[in-house]
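> Pasted the sequence and its predicted model underneath.
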Amino acid sequence: MLNPNLDAIELGKEEFERYSRHIILPEVGLEGQKRLKSASVCCIGTGGLGSPLLLYLAAAGIGRIGIVDFDIVDRSNLQRQIIHGTSWVGKRKIESAKNRILDINPYCQVDLFETRLSSENAFSILEPYDVIVDGTDNFPTRYLVNDACVLLNKPNVYGSIFRFEGQASVFNYQEGPNYRDLFPEPPPPGMVPSCAEGGVLGVLCGIIGTIQATETVKIILGTGNTLSGRLLLYNALNMSFRELKLRRNPERPVIEKLIDYEQFCGIPQAQAQAQQASAQLSEMTVQELKQILDSGTDDYVLVDVRNPNEYAIANIPGAKLVPLSEVESGAGIERVKELVNGHQLIVHCKMGGRSAKALGLLKEAGIEGTNLKGGILAWSREIDPSVPEY
């Protein structure tokens, strides 16, 4: 309802006080504030991007906010997901977000969808809202949100972050390009590390999420120039912004229906390959590793293939650090050969994926070893709770 009947929208005395700094702006005014009150926005995700986005949409006076999320608050979220607090650790993110939104602005209607967005529920969830904001961190959901917005004719406010860099744009707005014009095909699974593996600067999420909130408000107000047809690139280390022009691809396939986006992004195939590779590797549990450590034997070498900064957070006693990147370059293979020297090789990472990859490369070089199932997270949860999780 981007063209509402504004005569039917009223603001009370407290709302005039609350939104006074908006109303005195000529580009907003009373009419614009009524537009914000009558508008509805659905945010997919309450993580690093969704947190600042939801805070500012609530403060701006958006009348109806939908939230789609199925996760719980974890301590590792608190470094960047500022809508959640310490008291909400272990509780549902959507409830945490609703609680904070209503504390900021009790005039907001907050709709909660505690579910994973899918091809089966996307239309029913997204259809009632004027603007959709993508705060997700995975490719299947990004393509799903894009295609649903195209088929529903909804603006899609996009953002993504990784380490010190972020992107933002507006898709499917006023005949502008959509996400498939920028990325016609997803990257191979595992090529782009997650923030859990590569890390992310907390305040970067605030910058990109706030840009998304800004674009959302502008779309509702119908003022200014949006990022439609433009991709904004931000580098926090250099404090620099760049802009790329985006155009519709005339050869882009027509989006006719929602599909299996996990399949489209190659995830089932990658999982099957990983399972097949894992089946060919020797594995041990953290309990079996503890028995070896407690036995006092020195007939083994434990290699940790995580990054040095991860090792600094948490490590298993006696583990030798040989990052996966060094194994991939070949230098780490030589180091592992020196460490093994006739001993039993045990390799671990955070959860078991990178160590399996490292063992595959080592096996090609003639070095056999055993993968620690579940990695250091399993060690922390099942053996030594004093080891921090991250």
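Arrived safely, thanks for sending.

> For the residue nearest to residue 43 when sequence neighbours are not counted, list each beta-bridge partner.
In this structure, residue 43 finds its nearest non-sequential neighbour in residue 133, 4.8 Å apart by C-beta to C-beta, 6 or more residues apart in numbering. In this view, the C-beta of every residue, glycine as well, is placed from N, C-alpha and C. Counting by DSSP bridges, residue 133 forms beta bridges with residue 43, residue 157.

> While we're on residue 133, how confident is the model there?
Per-residue confidence (pLDDT) for residue 133: 98.

> Number the chain from 32, please
In the new numbering, first residue 32, that becomes residue 164.

> quick one: contacts for it?
72, 73, 74, 75, 81, 84, 187, 188, 190, 243, 247 (C-beta atoms under 8 Å, 6 or more residues apart in numbering).

> Kindly recompute the last result at 10 Å.
72-76, 80-81, 84-85, 88, 96-97, 176, 186-190, 201, 240, 243-244, 246-247 (C-beta atoms under 10 Å, 6 or more residues apart in numbering).

> can you check residue 103 too?
Residue 103 touches 115, 119, 120, 121, 122, 123, 124, 125, 126, 127, counting by C-beta under 10 Å, 6+ apart.

> Residue 194 now?
Contacts of residue 194 (C-beta under 10 Å, 6+ apart): 224, 226, 229, 230, 231, 232, 235, 266, 267, 268.

> phi, psi of it?
When read as degrees, to the nearest 10, the backbone of residue 194 gives phi 60, psi -100.

> What's opposite it in the beta bridge?
Beta-bridge partners recorded for residue 194 (DSSP bridges): residue 231.

> For residue 365, see how far away it is.
Distance, residue 194 to residue 365, by C-beta to C-beta, to the nearest Å: 29 Å.

> Show me where the chain dips below the pLDDT cut-off.
For the chain, the stretches with pLDDT under 70 are 32, 301-310.

> On the three-state scheme, the spatially most central residue of the chain is what?
Centroid check for the chain by C-alpha atoms, centre = their mean gives residue 168 as the closest residue, at 2.5 Å. Secondary structure state of residue 168, per DSSP: H, G, I helix; E, B strand; the rest coil, is coil.

> Now residue 182: closest residue in space that isn't a chain neighbour?
Per C-beta to C-beta, 6+ apart, closest to residue 182 is residue 286, 6.4 Å.

> Tell me how far the one you found lies from residue 172.
16 Å.

> between these two, which one's more packed in?
When residue 286 and residue 172 are compared for neighbours, residue 172 comes out ahead with 22 against 17, by other C-beta atoms under 10 Å.

> ok, that one touching residue 165?
Yes: using C-beta atoms under 10 Å, residue 172 is in contact with residue 165, at 7.8 Å.

> what sits in contact with each of those two?
Joint contacts of residue 172 and residue 165 (C-beta under 10 Å, 6+ apart) are 75, 76, 148.

> Can you tell me the SS state at the last one?
Which is residue 148. coil.

> give the contact list for it.
With C-beta under 10 Å, 6+ apart, residue 148 has these contacts: 73, 75-76, 99-101, 156-157, 165, 167, 171-172, 175-176, 179, 292.

> Take those and keep only those in strands.
73, 75, 99, 165 (DSSP state E).
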